[in-house]
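**Student:** sequence isn't available, so here's the structure alone:
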Ligand code: OMP
C-alpha cells in the first residue's frame with residue numbers, strides 16, 4: 001500500500017464516506033462496511049478527492065484522451081479529477097458527462113462537455129454489479145470512441161451473483177475480460193483490511209474480523 005492509498009482510507013473514514021457496521025447492499029448481501037462517495041460533500045473534500053483519483057491514474061500509467069463521468073455520481077468525481085490533473089499534474093484534458101434524460105431542444109443529445117473521441121477514461125465510485133459501466137460502454141461505442149479504462153475509488157473485491165466456487169469472478173474482473181480494459185482503483189478492500197489491522201485505533205480494529213469473514217464468503221482473489 002502506497003502512502004497516498006493509506007491517506008485516502010484515512011480521509012474516507014474521516015469524511016464518514018467509509019463506514020463500518022451492518023449495511024444491506026443492492027445485491028441483498030449484508031456487508032460489514034459501506035463506501036458512500038456522495039458524502040464527499042464540501043469544496044475542500046472534493047478537491048482532495050480529485051487529487052487521489054489523479055494520483056491513482058498517474059500511478060496506473062494508463063493512456064487516455066478524454067475523462068468521462070457517468071450520471072449522476074460520476075459527474076462531480078470526473079470534474080474534480082479533471083481539475084486535479086490540470087492543477088497538480090499539468091495535464092489539461094477534455095472532460096465530458098452524460099445526462100440521463102434525453103433532451104429534445106437546445107443542443108440535443110445526451111453528452112455534455114467534450115466530444116467523445118479517442119480513448120475515454122471512465123471515472124466512477126464503486127462497481128458492484130457493473131450495471132453503470134455497461135451503460136457507459138454503450139454510449140462510448142455509439143459515439144465511435146473507445147474505452148481506455150475505468151477508475152474507481154474502492155474495489156470491493158467481491159464476486160458477482162453466484163456465491164462460492166473456485167472460479168468466482170468479481171464484476172470488475174468481468175468488466176476487464178468483457179471489454180478488454182483495465183479497472184484501476186484508488187484502494188482495494190485488502191488495503192482497507194490491512195489499514196484496520198496495522199494502523200487503526202482499537203475502536204476501528206474490531207471491525208477487521210467481520211470484514212475477513214465477509215471476504216472469505218464473497219471475496220475474490222486480489
Ligand atoms: P453497480 O452500478 O451495479 O456496479 O453498483 C454500484 C452501486 O452500488 C453504487 O453506485 C452504490 O449505489 C452501491 N454501493 C456503494 O455505493 N458502496 C458500497 O460499498 C456498496 C454498494 C452496493 O450496494 O453494492
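**Tutor:** It's in. Bear in mind the structure is a predicted one, so any value in this text is a computation, not a measurement.
**Student:** and residue 116, that one's in a helix?
**Tutor:** No - under DSSP: H, G, I helix; E, B strand; the rest coil, residue 116 falls outside any helix and is assigned coil.
**Student:** surely it touches residue 137?
**Tutor:** No - under the criterion of Cβ atoms under 8 Å, residue 116 makes no contact with residue 137, lying 11.6 Å away. Where C-beta positions appear, they are placed from N, C-alpha and C, glycine not excepted.
**Student:** in the chain, which helix is the longest?
**Tutor:** Selection of the longest helix in the chain by residue count, based on DSSP state H, yields helix 43-60.
**Student:** neighbouring contacts of that one?
**Tutor:** Residues lying outside helix 43-60 but in contact with it, judged by Cβ atoms under 8 Å, 6 or more residues apart in numbering, are 2, 4, 7-8, 11, 15, 40, 76-77, 79-85, 88-89, 121, 123, 149, 151, 153, 182, 184-186.
**Student:** please enumerate the strands of the chain.
**Tutor:** Chain-ordered strands for the chain, with DSSP state E as the definition, fall at 18-24, 30-35, 66-69, 95-98, 111-113, 119-123, 146-155, 183-188.
**Student:** tell me which of the ones you listed sits most buried.
**Tutor:** Ranked by mean neighbour count, the strands of the chain are led by strand 66-69 with a mean of 26 (mean count of other Cβ atoms under 10 Å).
**Student:** note down every partner strand of it and its orientation.
**Tutor:** In its sheet, strand 66-69 lies beside strand 95-98 (parallel), strand 119-123 (parallel), with partners assigned from DSSP bridges.
**Student:** among those strands, which comes closest to the ligand?
**Tutor:** With distances scored as Cβ to the nearest ligand atom, the stretch of those nearest to the ligand is strand 119-123 (11.8 Å).
**Student:** related to what we said a few turns ago, so which of the contacts of helix 43-60 are in helices?
**Tutor:** Counting by DSSP H, the members of these that fall within helices are 4, 7-8, 11, 76-77, 79-85, 88-89.
**Student:** show me what contacts the closest residue to residue 173 other than its chain neighbours?
**Tutor:** Of all residues beyond its chain neighbours, the one nearest residue 173 is residue 220 (6.7 Å), with distances taken as Cβ to Cβ, 6 or more residues apart in numbering. Counting by Cβ under 8 Å, 6+ apart, residue 220 makes contact with 157, 158, 159, 168, 169, 170, 173.
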